[in-house]
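Student: Return atomic coordinates for the entry below.
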Amino acid sequence: MRGLAGRGALVSGGTSGIGLATARRLAEEGCRVYITGHDADGLASALTELSGLGEVTGQVCDVSDHDAAQRMVEDADTACGGLSILANNAGISWREPFVDIGIDSWDRIIAVDLRGMFSVGQAMARLLIRAGRGGSIVNMASTNALGGEEDYAHYNAAKGGVLQLTKSMAVELGKHGIRVNALCPGYIDTPLNQSIAANLPEGFVQKYADEQIPLRRVGTPEDVAAAYAFLASDDAAFISGAVLTVDGGQVAVM
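Tutor: Numbers count the residues shown, from 1 in each chain. The predicted structure follows:
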């Protein structure tokens, strides 16, 4: 894609699943990539996997720690020789009925999935404005932001907040040449979803895809990584404030 080669790219939550696929895709496009993850073993494994693709470095960071997240962005800028791309990807989720959600559970989801998005995004915006260069920020939302999936009230609320945060960022940062967009993946074949599917009846996932997804398959991390790369590239130079669903057409089903 146009305009990616030679750029510095930060991928938060870049050690597995969609984040790892995105780091790989951006590295393959010629970006200097910096990834973060929440544990040292996962980070080391990801860096080893990506080691043959060019300049890829990273650090352990809990994005729910506002000060740590802001320092991490500065570290990434230094390591990459200047950032211009943020794949704001770090997030967590788990199933929990609304009436059973404890306040600690609620706070943790919001802290990582919404406040973490704010902390990293704000640091990136400040950096780009200070440097006097434009850039692209792509926030990870979810189709859960577009409808209330059962037993995910905390996650649904956080991702809904990400969409409004994205629009606010796009409005305020456009004058600085900073584009801000959001991705809403549907069912993606990530390690987390694979672990859930292992406890479901054989054939359940394909049956779900056949009945709920017009393209009759679940998504791959690479599908989402391609969308990240597109929105970060010059091919999307006039796209900002947009919400791109990557779901095989699922949200179009009535």
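Student: and the lowest-mean-pLDDT helix or strand in the chain, how far out from the chain's middle?
Tutor: Using mean pLDDT, DSSP states H and E, helix 191-197 stands out as the lowest-scoring helix or strand of the chain, at a mean of 84. The chain centre lies 18 Å from the centre of helix 191-197; the measure is C-alpha atoms, centre = their mean, to the nearest Å.
Student: let's number from 34 now, not from 1
Tutor: Let's use 34 as the start, then, which means that last one is helix 224-230.
Student: Not counting its own residues, what contacts stretch 46-55?
Tutor: When contacts are defined by C-beta atoms under 8 Å, 6 or more residues apart in numbering, stretch 46-55 is touched by residues 44-45, 56, 66, 68-72, 75-76, 78-79, 82-83, 91, 96, 120, 122-124, 173, 218, 221, 223-225, 253-255, 257-258, 261-262. In this view, the C-beta of every residue, glycine as well, is placed from N, C-alpha and C.
Student: can you do 6 Å?
Tutor: 44, 56, 68, 70, 75-76, 79, 120, 122-123, 223-224, 254-255, 257-258, 261 (C-beta atoms under 6 Å, 6 or more residues apart in numbering).
Student: How about stretch 279-287?
Tutor: For stretch 279-287, contacts defined as C-beta under 6 Å, 6+ apart pick out 176, 179, 216, 218-219, 245-248, 256-257, 260, 278.
Student: And it, what's buried?
Tutor: Buried positions in stretch 279-287, judged by neighbour count with 16 or more other C-beta atoms under 10 Å: Val279, Asp280, Gly281, Gln283.
Student: same question, stretch 188-201
Tutor: Quick answer for stretch 188-201 (16+ other C-beta under 10 Å): Tyr188, Asn189, Ala190, Ala191, Lys192, Gly193, Gly194, Val195, Leu196, Leu198, Thr199, Lys200.
Student: which intervals of this structure have sub-threshold pLDDT?
Tutor: Flagging of the chain using pLDDT under 70 yields the residue ranges 287.
Student: the helices in it, which residues?
Tutor: Secondary structure of the chain (DSSP state H): helices located at 50-61, 73-83, 99-113, 136-143, 149-164, 186-206, 224-230, 237-245, 254-265.
Student: from those, which stretch is densest packed?
Tutor: Most buried of the helices of the chain by mean neighbour count (mean count of other C-beta atoms under 10 Å) is helix 50-61; its value is a mean of 25.
Student: Can you lay out the buried residues of stretch 188-201 as CSV showing distance to Glu107?
Tutor: Formatted as CSV, these follow (distance: C-beta to C-beta, whole Å):
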residue, distance to Glu107
Tyr188, 29
Asn189, 32
Ala190, 30
Ala191, 25
Lys192, 27
Gly193, 30
Gly194, 25
Val195, 23
Leu196, 27
Leu198, 21
Thr199, 23
Lys200, 26
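Student: Outside of stretch 151-167 itself, list whatever touches it.
Tutor: Identification of contacts with stretch 151-167 by C-beta under 6 Å, 6+ apart yields 45, 96, 99, 102-103, 106, 110, 119, 121, 168, 170, 206, 209-211.
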